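From the sequence below, what's the structure:
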Amino acid sequence: MTIKHGVVSAHRSRQAGFRDFIRECVARRLSYPKGSLDALFWKELSNSSYGKTAQGLHAKRVFDLRDQEMRDLPPSKITNPFFAAFITSFVRAALGEVMNGLPHNVCVFSCTTDGFLTNATAAQIAGASSGPICQLYSESRDMLTNNPTILEVKHRVRQPLGWRTRGQATLIEGDTDEGDGVNIVLAKGGIYTPQEVDSTRLQNSFITDLFLNRSPTDRIEMATKTGIRDMINFDADLVEKETSKRLNMEFDWKRRPVAVWDAVDPDHLSFATEPWDTIDQFIEMRMYWESFAIETPRCPKTVADYRAFAISVMSQSSLKDGGSKYLKKTDPDLNRLRQSLCAAWRTSKAGLVKGVDCKTAQHFADTLTNAGIPCKRSDVENARTAFKPKNCPKTPAVIVALTKLLTFFPSLEIDTLITFGDGIDIIAAMDRPNPFEINSENTVLAAMETA
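Next up is the predicted model:
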C-alpha cells in the first residue's frame, strides 16, 4: 500500500471538542421563535463551525476588504481535514444505513444531504434506523440536545415531482390538518420564483407548471445583488440586478434508469433508478447527455424521447476507439447499419455478393427498407468508402433488422457487422414496469429529515 496523503489529528479521543459550543448554540437557538432573526443567527453560527473546519482545504479566491484585492482563502485556526470529512460524512452514513435497511419494495423517491422522501411505514423506518451508525448518531444527538431522536417527518404528500437531486415539488398534496408547510414538499433547485408568488402553495404551482410546460429555449428571471468588490472599488450601492438564465429542469443522470414508463395525470416520462456500477459510467453518461441534449437542446417528456436518447447512448458507448465518430443524431444505430450494409454490398463483404444478392442498387435499397432499415437508391450508390467490419452498435432495433434480412440474404454474416462491445444499456428499462405503483397501502410519501 502506498500512502499518497496522510493527516495526523492531534485530538483527545475521549474529549468532545465542539460539544459545549454546539450545546450553547442549540439552546440559544431554541429559546427564540422558529424563523426569527435571533434563531437564524444561532443556527448560522453553529452551522458555520463546519465551514471553518474545512476552510482552506481547497483553493478558493476571495475579496480581501482590507487590501481590496483578491487573495487565496487561508486555513482557519480550526481547519482540520479529519473533522471536516467526519462532520460531512457522518450524517450521510446514517442516512445510507437507513435507506439500505428498508425493504426492496419500499420507494425512496429522492435523497439529499440529511433527508429523503419515502413511502416506508413507521415500523419499517424504525427497523432500518436501528443499526450501529444510527445508534452512534442518536447518542451524539442526545449528548448535544438531550433528545436521542434521529429522524422526524417534515412533510406528507401523495404524489411528488422530482427532476434532480435538490429539485422536488408536489403534484398531489397531503391531506393532514397541519397546513401547506406539511402537505407540500418544495425544493426549487435554484429556480427563482417571482416576488408576487409569495406562498408555498403558489410557488409549488408555479414550479410544477414550469416543469410540465418547459421547452428547450425557456429562460427564467432572477435577481442578484451588487457584489462587495463593486461596492468597495466603485462605491456602488447595494441594489438588485435583474438578469436571466436558461431553465434546466432535466434529470442529471446521477443514477441509472431501471424502469421507464409514461405516467398519466400528468402525462410525462417517469422512471425508477438504481446506482451506476462505477463513477466512470456516470461521467460517460453525462458526456453523452451533453452531446445529445445540450448541443441540440431538447426536453425529454415521453418514452419516445427517452428511447431516442437510450439508442444514442448504446450506439456511442458500444463503438469505442473512434467508431462512434460521425454517428447521426437521429436513429444512429439504423443509419450506421444502413451505411455498413451498403458498403458491404458494393464491395461484396459480410456474406453479401453484389449482383447476386440483389442485382441493382434500387433492389437492394428496397430490400433494406422492407427489413426496417430506411434506404434509398442514392444511399447505396454513394456508399463508396471501404467496408469497416464490426462498426454497428448492437441495439435491439439493429438485431431485429438483421434477423429480418436473413430471410432475404441467408449468407449474411451478422457477426461481421455488429460490434463486440455491449455499451451502456438503458434501453431495456423500457420493458420493465413501474415497481412502485401507488396502492391503498402506500398512498403517502413522507419527507424524513435527520433531527
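
Mind checking what secondary structure residue 110 has?
Classification of residue 110 using DSSP: H, G, I helix; E, B strand; the rest coil returns strand.

Residue 203 too?
Per three-state DSSP, residue 203 ends up helix.

I'd say it and residue 191 touch.
No - counting by C-beta atoms under 8 Å, residue 203 stays clear of residue 191, with 9.4 Å between them. No exception for glycine: its C-beta is placed from N, CA and C like everyone else's.

So which residues of the stretch 251-400 of the chain form helices?
279-289, 303-318, 332-346, 361-370, 377-381, 396-408 (DSSP state H, counting those that start in this stretch).

and the first one, how far out from the chain's middle?
What it means is helix 279-289. Offset of helix 279-289 from its chain centre (C-alpha atoms, centre = their mean, to the nearest Å): 11 Å.

The second one now?
On the basis of C-alpha atoms, centre = their mean, helix 303-318 sits 17 Å off its chain's mean C-alpha point.

Using CSV, write out the CA atom coordinates for it.
C-alpha atoms of helix 303-318 as CSV (Å, rounded to 0.1, in the frame of the first residue of the first chain):
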residue,chain,number,x,y,z
VAL,A,303,-40.9,7.3,-23.6
ALA,A,304,-40.3,8.1,-27.3
ASP,A,305,-38.0,10.9,-26.2
TYR,A,306,-36.2,8.6,-23.8
ARG,A,307,-35.8,5.9,-26.4
ALA,A,308,-34.1,8.3,-28.8
PHE,A,309,-31.5,9.1,-26.1
ALA,A,310,-31.1,5.5,-25.0
ILE,A,311,-30.3,4.4,-28.5
SER,A,312,-27.8,7.2,-28.9
VAL,A,313,-26.1,6.1,-25.6
MET,A,314,-25.8,2.5,-26.6
SER,A,315,-24.7,3.4,-30.1
GLN,A,316,-21.9,5.7,-28.8
SER,A,317,-20.8,3.6,-25.8
SER,A,318,-20.5,0.3,-27.7
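
Return the list of helices and strands in contact with that helix.
With contacts taken as 3 or more C-beta pairs under 8 Å, 6 or more residues apart in numbering; DSSP states H and E, helix 303-318 sits against strand 256-263, strand 268-274, helix 279-289, helix 332-346.

Per-residue pLDDT of residue 443, please?
Note on residue 443: pLDDT of 53.

Likewise for residue 451?
For residue 451, pLDDT reads 63.

Use 29 as the first number from now on
Sure, I'll start counting at 29 from here, so that last one is residue 479.

circling back to that earlier point, highest average neighbour count across the helices of the stretch 279-428 of the chain: which stretch is it?
Mean neighbour counts were compared across these using mean count of other C-beta atoms under 10 Å; the top stretch is helix 360-374, at a mean of 24.

Send me it as PDB with only the CA atoms.
Extracted in PDB, the C-alpha atoms of helix 360-374 (Å, rounded to 0.1, in the frame of the first residue of the first chain):
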ATOM      1  CA  PRO A 360     -27.800   6.500 -35.100                       C
ATOM      2  CA  ASP A 361     -28.000   2.700 -34.900                       C
ATOM      3  CA  LEU A 362     -30.100   2.100 -38.100                       C
ATOM      4  CA  ASN A 363     -28.300   4.800 -40.000                       C
ATOM      5  CA  ARG A 364     -24.900   3.200 -39.300                       C
ATOM      6  CA  LEU A 365     -26.300  -0.200 -40.200                       C
ATOM      7  CA  ARG A 366     -27.600   1.100 -43.500                       C
ATOM      8  CA  GLN A 367     -24.100   2.600 -44.300                       C
ATOM      9  CA  SER A 368     -22.300  -0.600 -43.400                       C
ATOM     10  CA  LEU A 369     -24.700  -2.800 -45.400                       C
ATOM     11  CA  CYS A 370     -24.500  -0.600 -48.400                       C
ATOM     12  CA  ALA A 371     -20.700  -0.600 -48.300                       C
ATOM     13  CA  ALA A 372     -20.700  -4.400 -47.800                       C
ATOM     14  CA  TRP A 373     -22.900  -5.000 -50.800                       C
ATOM     15  CA  ARG A 374     -20.900  -2.700 -53.100                       C
END
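
now that helix, how far from the centre of its chain.
Relative to its chain's centre, helix 360-374 lies at 35 Å (C-alpha atoms, centre = their mean).

Taking helix 424-436 as reference, get the angle to that helix.
Counting by axes from the mean of the first three to the mean of the last three C-alpha atoms, to 10 degrees, helix 360-374 points 30 degrees away from the direction of helix 424-436.

what separates residue 157 from residue 123, distance-wise?
Remark: distance between residue 157 and residue 123 (C-beta to C-beta, to the nearest Å) = 10 Å.

who's more crowded, those two?
residue 123 (25 against 21; other C-beta atoms under 10 Å).

is it true that that one lies in a helix?
Yes - read with three-state DSSP, residue 123 is one of the residues of a helix.
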